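In: Attaching a predicted model along with its sequence, questions to come.
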Amino acid sequence: MVESDSASLELSPSLGDLVADFRSREDVAARDIVLWLRERHPEYGHDGASRVSFDDQPTLSGAPIDSWLSRTRSLFDVAVVPELNGRILLLGLALLDRSLGQTLMRTDFLYAVIDELMDHYFGAAPLGPGDSIAQSASANPAPR
């Protein structure tokens with residue numbers, strides 16, 4: 001596990017607030033981060049953040065907030081994603097915590113967040129029925 005001080009990472013203002021709120025906790029569950037983001041950003045996932053529920057999911061082991069951020073940072077190319085923001089963190093957490101990812105997919109929330117990210121980073125049109133992220137990315141390659 002890679003540990004890093006979040007101060008050395010480029011973070012959005014919202015994630016700066018997240019770090020301040022969770023700094024004193026040694027063990028932060030990924031779902032607690034998602035719940036924090038859901039409360040502050042109900043617009044995420046095409047206004048679908050309120051659909052995210054963890055009623056039937058057990059609490060998984062956690063990690064310090066700096067660890068979650070550095071592990072997420074390591075998943076993305078800095079040239080494409082120069083700053084960690086809430087949506088990127090959601091995607092990273094879903095990749096790092098399989099159970100969380102499945103929960104976010106069950107409500108289609110993760111797919112909606114990916115759609116927003118594709119639009120932001122690649123200028124892709126929103127995905128329609130039958131479209132795939134791979135098709136959208138190949139039609140709109142990342143700028144070099």
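Out: Done, it's in.
In: Let me see the backbone angles for Glu43.
Out: When read as degrees, to the nearest 10, the backbone of Glu43 gives phi -80, psi -20.
In: Which residues are in contact with the nearest residue to it once chain neighbours are set aside?
Out: Nearest residue to Glu43 in three dimensions, chain neighbours excluded: Ala49, at 7.3 Å (C-beta to C-beta, 6 or more residues apart in numbering). (Glycine included, C-beta is placed from N, CA and C.) Shown in contact with Ala49 (C-beta atoms under 8 Å, 6 or more residues apart in numbering): 37-38, 41-43, 109.
In: ChimeraX command for the buried members of the residues you listed?
Out: Restricted to buried positions by 16 or more other C-beta atoms under 10 Å, the ChimeraX selection for those reads:
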select :37,38,109
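In: Okay, and the residue positioned nearest the centre of the chain sits in which element?
Out: Central residue of the chain (C-alpha atoms, centre = their mean): Leu90, 1.6 Å from the mean position. Using DSSP states H and E, Leu90 falls within helix 86-96.
In: Output that helix as CSV, restricted to C-alpha atoms.
Out: The C-alpha coordinates for helix 86-96 follow below in CSV (Å, rounded to 0.1, in the frame of the first residue of the first chain):
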residue,chain,number,x,y,z
GLY,A,86,-14.9,14.0,-6.3
ARG,A,87,-16.0,12.1,-9.4
ILE,A,88,-12.5,10.7,-10.0
LEU,A,89,-12.3,9.7,-6.4
LEU,A,90,-15.6,7.9,-6.7
LEU,A,91,-14.4,6.0,-9.7
GLY,A,92,-11.1,5.2,-8.0
LEU,A,93,-12.8,3.9,-4.8
ALA,A,94,-15.1,1.7,-7.0
LEU,A,95,-12.0,0.2,-8.6
LEU,A,96,-10.2,-0.3,-5.3
